[in-house]
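Novice: pasting the structure only:
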């Protein structure tokens, strides 16, 4: 029952208690009624025995003589420990003889003892009592218990029917009443479900849902009021978090935008200085300055792009030929990494999706650069493009060493690096896969990764 709903448990508990009470009442009633009926039967039996014993003083009673004996009544005459006559007077007249094998039960009835029940075989159970005549004979009289058993059986049947109908009605009524009484609790659960379905990790979140039942005198109100206060606190914290994120995003965007001008100036003056006749050592220093300037420019551009995507700025929309983008991206990757084995699998016909062509090209470039940078020479990199139901699937699979299990859940986070030293050596900023995730999400798609030694697969799905 612990796995059932509260409504089911309450109704079941009420029905179990009602059934237990009904059983107790039925048992007590049945036992009391049977005791009363048996007592009445014993009283009639004693009266009948006294009448039969005194019917003919000085002479043994005869079974075939008329007297005040009841129908189906048993009369037996015991003389010197043996039954000399025994029979039952049925309603239809005549006398039914008691079977010989049942006679010892009648001789064992002591005169003057309380009534007892004996089994007379085909005649059934009889309540019998014995009395002594003036001549010394023992007269045993009896009355059948069948009438008592019939009344008790009828009472039990009525109790079962009434109990079943009562339990059925109580179950239906209880389910309706419990459902009505638990509606406030359902509203609390519905409010919690709506709040739990909200994306609270980023962006502006409005927690407008509140529990309407806040009466402190009720159990639901004692739950709803603290839940509303908790939602108020969470809403305030989310507003503060969103404001902080907005300020940070604006700062990154402004800083990135402002850094582009001095970086362009540094790059220009560096190229201008390298054209002059300078010592070799100075030329080397200027080359290093130009290299780091280019790296910093790339970082600033990536940060600015992420800031714009976070701010929800709309992308350009148009029909993009993904087949052409994939072919061009693999050609560029082959030129940049000729020591890798590049394989291409695209449909014969163009596959188009709505989106920003330059941003989708950047997604492909980042995925292929990631495969080229983080795998050794000779690694096979396969790029596949397949139309899917309602969308397009793009896969980049390499046969490299794979991604570390502890890094795999964080590969799409910003500044996530598998090896800091190698990233610095290759000029990686740790933003490539973060940009892939942000651009794909801005197009309404998804990107996933699976990795094990010898196979790493990035899958991009875009809606058509």
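Specialist: Everything's here; your move. Worth saying up front: this structure is predicted, and the values here are computed from it rather than measured. Numbers count the residues shown, from 1 in each chain.
Novice: Quick one: end-to-end distance for stretch 335-354.
Specialist: 28 Å (C-alpha to C-alpha, to the nearest Å).
Novice: if you average pLDDT over it, what comes out?
Specialist: Confidence over stretch 335-354 (mean pLDDT, whole number) is 91.
Novice: would residue 416 count as being in a helix?
Specialist: No - assignment of residue 416 by DSSP: H, G, I helix; E, B strand; the rest coil gives coil, placing it outside any helix.
Novice: ok, it - how many residues close by?
Specialist: 16 (other C-beta atoms under 10 Å). C-beta: built from backbone N, CA, C; applies to glycine.
Novice: what's it in contact with, if anything?
Specialist: Applying C-beta atoms under 8 Å, 6 or more residues apart in numbering to residue 416 gives the contacts 407, 410, 430, 433-434.
Novice: With distance to residue 179 and secondary structure as extra columns, can I get these in TSV?
Specialist: TSV is the format used below for those (distance: C-beta to C-beta, whole Å; DSSP: H, G, I helix; E, B strand; the rest coil):
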residue	distance to residue 179	secondary structure
407	51	coil
410	47	helix
430	55	coil
433	51	helix
434	50	helix
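Novice: Next, the buried residues of stretch 82-91.
Specialist: Buried positions in stretch 82-91, judged by neighbour count with 16 or more other C-beta atoms under 10 Å: 83, 85-89.
Novice: Also stretch 41-54?
Specialist: Within stretch 41-54, the residues scored as buried using 16+ other C-beta under 10 Å are 41-42, 45, 48-49, 52-53.
Novice: distance between it and the chain's centre?
Specialist: 71 Å (C-alpha atoms, centre = their mean, to the nearest Å).
Novice: What's the mean pLDDT across it?
Specialist: Rounded mean pLDDT across stretch 41-54 is 83.
Novice: quick one on the thing from earlier: from the contacts of residue 416, list the buried ones, please.
Specialist: 430, 433-434.
Novice: Can you add distance to residue 22 and pLDDT and give the residues you listed back as CSV?
Specialist: Shown next, in CSV, are the buried ones among the contacts of residue 416 (distance: C-beta to C-beta, whole Å; pLDDT from 0 to 100):
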residue, distance to residue 22, pLDDT
430, 73, 74
433, 69, 89
434, 69, 87
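Novice: which of the buried residues of stretch 41-54 lies closest to residue 458?
Specialist: residue 41 (93.1 Å; C-beta to C-beta).
Novice: Run through the protein and note the low-pLDDT ranges.
Specialist: 1-4, 55-71, 91-94, 200-207, 248-249, 417-429 (pLDDT under 70).
Novice: all strands of it, in order?
Specialist: When assigned using DSSP state E, the strands of the chain occupy the ranges 73-79, 82-89, 96-97, 116-119, 125-132, 138-144, 318-321, 341-345, 352-355, 380-388, 391-398, 446-452, 455-463.
Novice: can you tell which of these is closest to residue 174?
Specialist: strand 125-132 (42.6 Å).
Novice: So what angle separates the directions of that closest one and strand 138-144?
Specialist: Going by axes from the mean of the first three to the mean of the last three C-alpha atoms, to 10 degrees, strand 125-132 is angled at 160 degrees with respect to strand 138-144.
Novice: Pull out the buried positions in strand 125-132.
Specialist: Those would be 126-131, for strand 125-132 by 16+ other C-beta under 10 Å.
Novice: who touches that strand?
Specialist: Contacts of strand 125-132 (C-beta under 8 Å, 6+ apart): 38, 41-42, 45-46, 49-50, 52-53, 74, 78, 106, 109-120, 138-146, 149.
Novice: could you flag which of these are buried?
Specialist: Here, 16+ other C-beta under 10 Å leaves 38, 41-42, 45, 49, 52-53, 74, 78, 106, 109, 115-116, 118, 120, 138-145 buried among those.
Novice: And the buried residues of strand 125-132, which is closest to residue 17?
Specialist: Taking these together and measuring to residue 17 by C-beta to C-beta, the closest member is residue 127, at 38.3 Å.
Novice: That closest one - nearest residue in space that isn't next to it in sequence?
Specialist: residue 115 (4.9 Å; C-beta to C-beta, 6 or more residues apart in numbering).
Novice: With residue 210 instead?
Specialist: residue 228 (5.0 Å).
Novice: Contact partners for that neighbour?
Specialist: Contacts of residue 228 (C-beta under 8 Å, 6+ apart): 210-211, 214.
Novice: ok, how many other residues are close to residue 253?
Specialist: 19.
Novice: Now do residue 444 against residue 309, distance only.
Specialist: According to C-beta to C-beta, to the nearest Å, residue 444 and residue 309 sit 13 Å apart.
Novice: so residue 458 makes contact with residue 393?
Specialist: No - using C-beta atoms under 8 Å, residue 458 makes no contact with residue 393, being 11.2 Å away.
Novice: Which residues lie in contact with residue 122 in this structure?
Specialist: The contact partners of residue 122, by C-beta under 8 Å, 6+ apart, come to residue 99.
Novice: and with 6 Å instead?
Specialist: Residue 122 sits next to no residue when contact means C-beta atoms under 6 Å, 6 or more residues apart in numbering.
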